[in-house]
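>>> kindly return the folded structure for what I paste below:
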Amino acid sequence: MTDDSQRTTIKPGQRVYDDDGTELGVIRGLTETGFQVRLGESVDHLDLETDPGHEFGEGYLMWRCDECGEMGDLEDGYPEECPNCGTPKRNLYAWLED
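Model prediction:
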């Protein structure tokens with residue numbers, strides 16, 4: 001791994017590749033320490049903005065608290081703190097809900 005001082009913006013739904021350029025999967029959610037990847041699934045098969053129930057396997061993007069598990073709609077962005085437990089915004093991450 002190289003020491004790269006540039007910042008890279010990542011977001012759910014984005015493809016992830018290894019150093020050789022092989023696609024590993026699609027970012028499913030962001031956490032305090034990194035991100036979760038859905039392995040072996042192309043972004044073409046992942047619909048982040050639809051209501052579940054229209055077709056099997058679709059979901060929608062929400063925020064989730066890593067302290068209490070509370071979830072909310074990401075349409076208006078992250079809240080400044082979890083409305084359930086009050087943990088700061090930095091402890092909230094994107095989550096794909098089925």
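
>>> tell me which strands the lengthiest strand in the chain pairs with, and in which orientation.
In the chain, taking DSSP state E as the definition, the longest strand is strand 23-30. If you go by DSSP bridges, strand 23-30 pairs up with strand 15-17 (antiparallel), strand 35-39 (antiparallel).

>>> neighbours of residue 10, how many?
For residue 10, the neighbour count with other CB atoms under 10 Å is 13. All C-beta spots, glycine's among them, are computed from the backbone N, C-alpha and C.

>>> got the contact list for the spatially most central residue of the chain?
Taking CA atoms, centre = their mean, the centroid of the chain lies closest to residue 29, which sits 2.0 Å from it. Residues near residue 29 by CB atoms under 8 Å, 6 or more residues apart in numbering: 12, 35, 36, 64, 93, 94, 95, 96.

>>> the fourth one: what's it in contact with?
When you say that, I think you mean residue 64. So residue 64 contacts 29, 70, 71, 92, 93, 94, 95 (CB under 8 Å, 6+ apart).
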